[in-house]
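Student: Take this sequence and fold it.
(one chain, ligands or ions: 1)
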Amino acid sequence: MIEVTSVERLAQHVGKTVCLRGWIYNSSSKGKLHFVQLRDGTGIVQCVVFKNNVPPELFEQLGHSGQETSLSLVGLVKADARAPGGFEIDVTQGEIHQSVQGYPITPKEHGIEYLLEQRHLWLRSKRSWAILRVRDAVITAIRSFFDERGFVCVDSPIFTPNACEGTSTLFEVPYFEQTAYLTQSGQLYAEAAAMAMGKVYTFGPTFRAEKSKTRRHLTEFWMIEPEVAYGTLDDIMVLAEELLAHVVAQVLLRRPEELAALERDVEKLKKIVAPFPRLSYDEAAAILAKHPESTFKYGDDFGAPDETILSNQFDRPVLVHRYPKEIKAFYMKRDPAQPDKCLCVDVLGSEGVGEIIGGSQREDDYEVLLGRIREHKLPEVAFQWYLDLRRYGSVPHAGFGLGLERTVAWICGVEHVREAIPFPRTIYRLTP
Ligand code: NSS
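Tutor: From the prediction side, this is the model:
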C-alpha cells in the first residue's frame, strides 16, 4: 500500500514513495519531461514526470492537461535544496481525475474586479491561500489567548432589536410582525455575559451598512469582543496590546511560508512587542496640528489619513485614548478627571493601517446611562434589558472589539480588507 500524504508533510517521507492528491498549479514540458507543480491545499511541490518512468497514457494525458486539472501522483520523495519548498517528486504513477483546459485565472495579471467576480476560484491562488491561512492562524491565536486567560467564549445574537454603534449603519431585516437589525457588535450581550461569567468574549460576524468604499470597510466582518467585569480602561489597554503581540508572534511562528509568499517584511512584525506607545486624543491632535499634510480639526474624529499619519510615527501599534464625548458611543463612561472625554481607546495598527481595535470602559450608573439613551434618542423600551445590568449588581466593566479582517490585512501587509475574508461583502458586492 502506498501512503497518501500532503505537501506539508513531505519531510517525513524523504526516500519513500508516496501518493499526493491535488491540482496542477502550473506545468511545463521539455521533450521527454513534464514538470508539474502540484498544489494540494497545504503547499506546492514540483513533480518531475520522465516519459520512461510512467505509463504512456499518463505521460500523454499530462501533455494536454492545463492549470487546475485534478490529479493524484505517486512518486519518490527527494530532498532537493534547489527546489522551491525543498522537495521534489520523481513520478512513477498517477491518475487524472479531471483534465482541465481554459481555467479562467491564469498566472498573468488580472484586474481586481475580475478576480473578485471569480473569488470562488481565486481562493486557489497562492496569495489568497497565504492570506486565508494567516487568517486561520490569527483566529486560533485569539482563541488560545483568551482561553489561557480564563475567558469564556459566549455567542451573541445576529438578529437584534436595536443599534449598538449608531443607527446610520443598521441593516434592517423583516422579522415576522417586527423589524430586526443585523448586529453591529456583540458588545451589549457580552456585557450581560460578563456579569454572569466574569471574563468573556464573543467571536462572530457583525454587519454595518457602511456606504463607504474605503479599503478598510466591509459590510460584513468578524469581530472579537472581550468584556471584563471589574475591568477598567487601563486593564483593557493592557489586554489589547498583549493580545496583538501574542497574535503576531503566533503568526510568525506558524505561518512563515505564507508570510514569505506575501513578501511580508517580517522584521517589522518582529517589532510588535508590548508595551505599545500611548497617546491621549489631545496629544494625537497636537501631532496632527504640526503635520503639514493634515487637515484635522480639533474635536473631530480622526479620518483615515490622520490615522495613517499617527500610526506612521511608531514602529508598533499605538493606543489613542480619551476621545471627546461628542464623537463616541452612548455607552462609554466619561473620564471623571475631564468629563468632556470618554474612557475609551482606539488601537491603530503600525505601518499606517489605521484603527483595528475600538474599546472603552462602560457607563455603569443607571441614571447616567438612562440619560445617555434619552440624549441619543434611542428607543428606551428596547434598552430595558441593558439597563437591568445597571439595576442589579452593577460594577465597573470594560471591553473592546477587534476587527478580524483589518488585523489580518495588517499582519499580511495587504492593502485592502476585502482580501482578508474568504467571500467579501461590500457596498457593491454580494457575489459570489
Ligand atoms: O465600531 S467599533 O470601533 N467598536 C465597536 O463596535 C464596539 N462595540 C466594540 C466593543 O467595545 N466591544 O468597531 C470595532 C472594530 C474596529 O476597530 C474595526 O477594526 C472593526 O471593528 N470594524 C470594521 N471592520 C471592517 N469593516 C467595517 N465596516 C468595520 N467597522 C468596524
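Student: which residues touch stretch 29-48?
Tutor: Residues external to stretch 29-48 that are found in contact with it (Cβ atoms under 8 Å, 6 or more residues apart in numbering): 6-10, 20-28, 49-52, 59, 62-63, 71, 73, 75, 83-85, 87-91, 124, 126, 129, 257. Every C-beta, even on glycine, is put in place using the N, C-alpha and C of the backbone.
Student: Please point out which parts of that stretch sit buried.
Tutor: 34, 36-40, 42-48 (16 or more other Cβ atoms under 10 Å).
Student: so which two of these are the farthest from each other?
Tutor: The largest separation in the buried residues of stretch 29-48, counting by Cβ to Cβ, is between 34 and 42 at 22.1 Å.
Student: For the chain, spot the helix or strand the model is least confident about on average.
Tutor: Least confident helix or strand, the chain: helix 304-311 with a mean of 93, by mean pLDDT, DSSP states H and E.
Student: Near the ligand, which residues of the stretch 251-400 of the chain are found?
Tutor: For the stretch 251-400 of the chain, the contact set with the ligand under Cβ under 6 Å from any ligand atom comprises 355-360, 399-400.
Student: repeat that for 5 Å
Tutor: Proximity of the stretch 251-400 of the chain to the ligand (Cβ under 5 Å from any ligand atom) is limited to residues 355-356, 358-359, 399-400.
Student: likewise the stretch 101-250 of the chain?
Tutor: 165, 185, 187, 208, 210, 217-218, 221, 225.
Student: Flag whichever of those scores worst on pLDDT.
Tutor: Minimum pLDDT for these is recorded at residue 210 (85).
Student: Now intersect the residues of the stretch 251-400 of the chain next to the ligand with the strands, please.
Tutor: Residues of those located in strands (DSSP state E): 355-356, 358-359, 399-400.
Student: how about these in JSON lines, adding neighbour count and pLDDT?
Tutor: Compiled in JSON lines, those are given as follows (neighbours: other Cβ atoms under 10 Å; pLDDT from 0 to 100):
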{"residue": "355", "neighbour count": "19", "pLDDT": "95"}
{"residue": "356", "neighbour count": "26", "pLDDT": "97"}
{"residue": "358", "neighbour count": "22", "pLDDT": "98"}
{"residue": "359", "neighbour count": "27", "pLDDT": "98"}
{"residue": "399", "neighbour count": "27", "pLDDT": "99"}
{"residue": "400", "neighbour count": "26", "pLDDT": "99"}
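Student: Turn the residues you listed into TSV, including distance to residue 277.
Tutor: Shown next, in TSV, are these (distance: Cβ to Cβ, whole Å):
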residue	distance to residue 277
355	15
356	15
358	18
359	17
399	22
400	17
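Student: can you give me the end-to-end distance of stretch 304-324?
Tutor: The straight-line separation of the ends of stretch 304-324 (Cα to Cα, to the nearest Å) is 18 Å.
Student: Next, the residue of the chain positioned farthest from its centre: secondary structure please.
Tutor: Outermost residue of the chain with respect to the C-alpha centroid, by Cα atoms, centre = their mean, is residue 52; its distance is 47.8 Å. Secondary structure, DSSP: H, G, I helix; E, B strand; the rest coil: residue 52 is helix.
Student: For residue 371, which three-state class applies?
Tutor: Relying on three-state DSSP, one would call residue 371 helix.
Student: And for residue 35?
Tutor: strand.
Student: Who is residue 361 paired with across the strands?
Tutor: Note on residue 361: beta-bridge partners residue 398, judged by DSSP bridges.
Student: no, scratch that, I was asking about residue 47
Tutor: Note on residue 47: beta-bridge partners by DSSP bridges are residue 36, residue 89.
Student: What pLDDT is listed against it?
Tutor: 98.
Student: quick one: it from residue 34, how far?
Tutor: When distance is defined by Cβ to Cβ, to the nearest Å, residue 47 is 8 Å away from residue 34.
Student: do the same with residue 315
Tutor: In terms of Cβ to Cβ, residue 315 sits 47 Å off from residue 34.
Student: follow-up on the earlier one: let me know the closest of the ones in strands among the residues of the stretch 251-400 of the chain next to the ligand to residue 414.
Tutor: residue 356 (13.5 Å).
Student: In contact with residue 121, which residues are there?
Tutor: Residue 121 is in contact with 68, 103-105, counting by Cβ under 8 Å, 6+ apart.
Student: Residue 305 now?
Tutor: Residue 305 makes contact with 293-295, according to Cβ under 8 Å, 6+ apart.
Student: same question, residue 299
Tutor: Residues near residue 299 by Cβ under 8 Å, 6+ apart: 324, 326-327.
Student: do the same with residue 397
Tutor: 191, 194-195, 227-231, 361-362, 364.
Student: Please repeat the previous calculation with a cut-off of 10 Å.
Tutor: By Cβ atoms under 10 Å, 6 or more residues apart in numbering, the contact set of residue 397 is 190-191, 194-195, 198, 227-232, 235-236, 333, 361-364, 389.
Student: Kindly report the same for residue 61.
Tutor: The contact partners of residue 61, taken as Cβ under 10 Å, 6+ apart, are 55, 69, 71, 94-96, 99.
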